[in-house]
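Peer 1: What follows is a predicted structure for the sequence shown.
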Amino acid sequence: METTAWKADMLKSLGESLVLTDAESVEKLSKDYYWYSPVLDLRLKDKKADAIVVPKTEQDVAAALALAYRMRVPVTARGAGTGNYGQAIPLEGGIVLDLSGLDRIVEIGDGYARAQSGVRLGTLDKSAREQGQELRIYPSTYVKATVGGFVSGGSGGIGSVTWGNLWDGNVLEAVVYTLEETPRRLVVKGGELFDYIHNYGTTGIMTEVTIPLAPRTEWAQAVFQFDGFEASMRFGEALAREESVPKRLVSPMEWPLPSFFKPLAKALEPARAAVLTEIAEPAAGMAAKLAESFGGRLGHVIPAAQYRKTIGVSDFTWNHTTLWAIKADPAWTYLQAGFAPDRYLEQIRAVKAAYGDEVLLHFEWMLSGGTLVPTALPVVYFKAEERLYEIIAFFRSIGVAIFDPHTWMLEDGGRGAIGRMRSQKLVNDPLSLLNPGKL
């Protein structure tokens with residue numbers, strides 16, 4: 001069907017309040033944070049939808065999907081658009097289904113929260129903390145990011161050092177709609193969730209998510225400083241393994257990365273590696289003694305009483321580290337890497353010997369499948385795409401896994417149960433209209 005015809009049909013069927021066709025809305029809501037990657041920036045900046053649909057209820061979602069099936073129109077799901085890989089950018093036009101209007105917290109129970117997919121994680125965590133609980137994991141973009149967007153496009157974040165990533169039991173249930181002549185409402189649990197976690201909305205449209213909660217903890221935020229980066233890494237591992245210190249963030253990074261954090265830089269020692277942490281306030285003294293045993297010292301501290309009342313150290317970790325680097329110099333970009341738990345220091349030495357300050361190392365200690373791993377988001381000075389992939393090839397040659405953030409393809413990014421997703425897509429999306437080109 002011609003674009004003009006299907007847009008008119010959709011406006012008539014769904015109503016002008018749910019369908020946006022003005023140029024400003026279409027441009028804005030067709031984009032995410034793809035510009036973290038200069039490769040994606042070049043290839044995706046001109047991509048956009050033909051129209052935006054902003055459902056307010058699950059019934060609106062089902063109606064939009066049924067229309068899209070009948071009119072053979074591609075559908076790309078969007079949360080808050082904080083993803084970095086072009087997850088929410090429509091490669092083939094069609095409609096962007098903006099789910100941010102599904103923003104109702106359905107229930108907060110003992111150890112769980114059930115929320116519509118457009119609920120912002122910061123809002124959900126605030127509500128949970130008011131009831132003596134809190135989110136187990138969330139991305140550094142939690143203020144804007146939605147729960148559905150995180151589950152569909154993210155992987156881990158603050159809290160992952162204790163609770164692992166999304167696949168480690170951090171999603172309990174999801175409601176998913178298929179894109180068929182009559183869309184089905186699926187309630188997905190257990191192992192079936194792997195067909196939908198980190199799927200970019202290619203296997204179904206997620207409208208509701210149930211996630212586990214942890215008991216509320218009073219978190220102190222502390223920066224530990226070290227004369228050398230290797231000492232900061234050894235301390236980071238020891239702190240991550242220390243069961244007597246409750247924690248949800250252990251983020252070592254080499255200098256000059258901390259110098260990019262303008263709101264925090266004056267509180268840090270110059271030319272020193274830093275480990276940014278969130279630890280239970282009563283255990284702060286134990287963590288400080290542990291740092292001393294590795295030649296480090298406790299530096300800047302934000303007490304628990306100031307939690308979220310001021311900019312916190314977690315605002316400089318995970319991919320916010322990259323964001324602050326880009327603010328300092330737009331030529332910086334990043335990689336996503338998995339170093340070997342048993343020889344990460346050897347791999348660090350090899351990277352630094354090969355690339356020096358062209359690659360600045362930033363790690364996040366986290367659990368994955370029950371194993372503590374040194375996950376890294378190295379910040380790379382971009383010179384050319386060919387050079388970037390030379391660096392990626394070098395990382396892989398020394399045994400460092402790379403989850404390529406410079407591609408919109410799920411397979412090339414290396415995350416998720418790809419084979420299962422392909423099979424499920426054939427069932428749920430027989431016309432391959434859900435976010436085409438991503439899987």
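Peer 2: Structure's in. What do you need?
Peer 1: what does the helix or strand encompassing residue 43 rub up against?
Peer 2: Assessed by DSSP states H and E, residue 43 sits inside helix 38-44. In this structure, residues lying in contact with helix 38-44 by C-beta atoms under 8 Å, 6 or more residues apart in numbering are 34-35, 85-86, 89, 333, 382, 385, 388, 406-408. Just so you know, the C-beta spots here come from the backbone N, C-alpha and C atoms, and that holds for glycine as well.
Peer 1: Please list only the buried members of those.
Peer 2: The neighbour count (16 or more other C-beta atoms under 10 Å) marks 34-35, 85-86, 89, 333, 382, 388, 406-408 as buried among the contacts of helix 38-44.
Peer 1: Please narrow those residues to those residing in helices.
Peer 2: Under the assignment DSSP state H, the buried ones among the contacts of helix 38-44 contribute residue 388 to helices.
Peer 1: Reformat the buried ones among the contacts of helix 38-44 as CSV; add pLDDT.
Peer 2: Shown next, in CSV, are the buried ones among the contacts of helix 38-44 (pLDDT from 0 to 100):
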residue, pLDDT
34, 90
35, 90
85, 88
86, 88
89, 94
333, 97
382, 97
388, 97
406, 94
407, 92
408, 91
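Peer 1: Isn't residue 299 up against residue 225?
Peer 2: Yes: using C-beta atoms under 8 Å, residue 299 is in contact with residue 225, at 4.6 Å.
Peer 1: which residues do the two both contact?
Peer 2: Joint contacts of residue 299 and residue 225 (C-beta under 8 Å, 6+ apart) are 268-269, 274.
Peer 1: Who wins on neighbours among the residues you listed?
Peer 2: When neighbours are taken as other C-beta atoms under 10 Å, the top entry among these is residue 274 (29 neighbours).
Peer 1: what about stretch 117-130, average pLDDT?
Peer 2: For stretch 117-130, the mean per-residue pLDDT is 96.
Peer 1: for stretch 72-82, same thing?
Peer 2: Averaging pLDDT along stretch 72-82 gives 93.
Peer 1: Show me what counts as buried in it.
Peer 2: Buried residues in stretch 72-82 (16+ other C-beta under 10 Å): 73-82.
Peer 1: Likewise for stretch 313-326?
Peer 2: Judged by neighbour count (16+ other C-beta under 10 Å), stretch 313-326 contains these buried residues: 313-326.
Peer 1: Quick one: end-to-end length of it, please.
Peer 2: End-to-end distance for stretch 313-326, by C-alpha to C-alpha, to the nearest Å: 18 Å.
Peer 1: ok but residue 48 is inside a strand, no?
Peer 2: No: Residue 48: not assigned to a strand; according to DSSP: H, G, I helix; E, B strand; the rest coil it is coil.
Peer 1: Next, find the distance separating it from residue 101.
Peer 2: Separation of residue 48 from residue 101 (C-beta to C-beta, to the nearest Å): 20 Å.
Peer 1: The host helix or strand of residue 289 - contacts with which helices or strands?
Peer 2: Using DSSP H and E, residue 289 sits in helix 284-293. Applying 3 or more C-beta pairs under 8 Å, 6 or more residues apart in numbering; DSSP states H and E, we find helix 284-293 packed against strand 219-226, helix 229-241, strand 273-280, strand 297-302.
Peer 1: quick check: longest strand of the chain.
Peer 2: For the chain, the longest strand by residue count, based on DSSP state E, is strand 205-215.
Peer 1: just to revisit the earlier point, among the buried residues of stretch 313-326, which ones are in helices?
Peer 2: 319-326.
Peer 1: Dump the buried residues of stretch 313-326 into a markdown table; add pLDDT and distance to residue 132 as well.
Peer 2: Below are the buried residues of stretch 313-326 laid out as a markdown table (pLDDT from 0 to 100; distance: C-beta to C-beta, whole Å):
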| residue | pLDDT | distance to residue 132 |
| --- | --- | --- |
| 313 | 91 | 24 |
| 314 | 90 | 21 |
| 315 | 93 | 25 |
| 316 | 95 | 28 |
| 317 | 95 | 26 |
| 318 | 93 | 26 |
| 319 | 93 | 30 |
| 320 | 93 | 28 |
| 321 | 95 | 31 |
| 322 | 96 | 34 |
| 323 | 95 | 32 |
| 324 | 96 | 33 |
| 325 | 97 | 37 |
| 326 | 96 | 38 |
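Peer 1: Turn those into TSV, columns for distance to residue 127.
Peer 2: Compiled in TSV, those are given as follows (distance: C-beta to C-beta, whole Å):
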residue	distance to residue 127
313	23
314	19
315	21
316	25
317	23
318	23
319	25
320	23
321	28
322	29
323	26
324	29
325	33
326	32
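Peer 1: Please report how far the closest residue to residue 60 other than its chain neighbours lies from residue 103.
Peer 2: Closest residue to residue 60 apart from its sequence neighbours, by C-beta to C-beta, 6 or more residues apart in numbering: residue 18 at 6.1 Å. Using C-beta to C-beta, residue 18 is found at 15 Å from residue 103.
Peer 1: the more surrounded of these two?
Peer 2: For residue 18 and residue 103, the more surrounded residue by other C-beta under 10 Å is residue 18, and the numbers stand at 20 against 16.
Peer 1: Centre-most residue in this structure?
Peer 2: Closest to where the C-alpha atoms of the chain average out (C-alpha atoms, centre = their mean) is residue 154, at 3.6 Å.
Peer 1: does it really touch residue 142, like I thought?
Peer 2: No: the criterion here is C-beta under 8 Å, and residue 154 misses it with residue 142 at 10.3 Å.
Peer 1: Point out the other helices and strands that the worst-scoring helix or strand of the chain on mean pLDDT packs with.
Peer 2: Ranking every helix and strand in the chain by mean pLDDT, DSSP states H and E puts helix 410-413 at the bottom, with a mean of 77. Secondary-structure packing of helix 410-413 (3+ C-beta pairs under 8 Å, 6+ apart): helix 418-428.
Peer 1: Contacts for the helix it packs on next, please.
Peer 2: Here helix 418-428 makes contact (C-beta under 8 Å, 6+ apart) with 176, 178-180, 184, 186, 194-196, 199, 202-204, 410-411, 432, 434, 439.
Peer 1: rerun at 7 Å
Peer 2: Applying C-beta atoms under 7 Å, 6 or more residues apart in numbering, the contact partners of helix 418-428 are 178-179, 194-195, 199, 202-204, 410-411, 439.
Peer 1: can you list those in a markdown table and add distance to residue 427?
Peer 2: Below are the contacts of helix 418-428 laid out as a markdown table (distance: C-beta to C-beta, whole Å):
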| residue | distance to residue 427 |
| --- | --- |
| 178 | 8 |
| 179 | 11 |
| 194 | 15 |
| 195 | 9 |
| 199 | 13 |
| 202 | 12 |
| 203 | 9 |
| 204 | 10 |
| 410 | 17 |
| 411 | 19 |
| 439 | 14 |
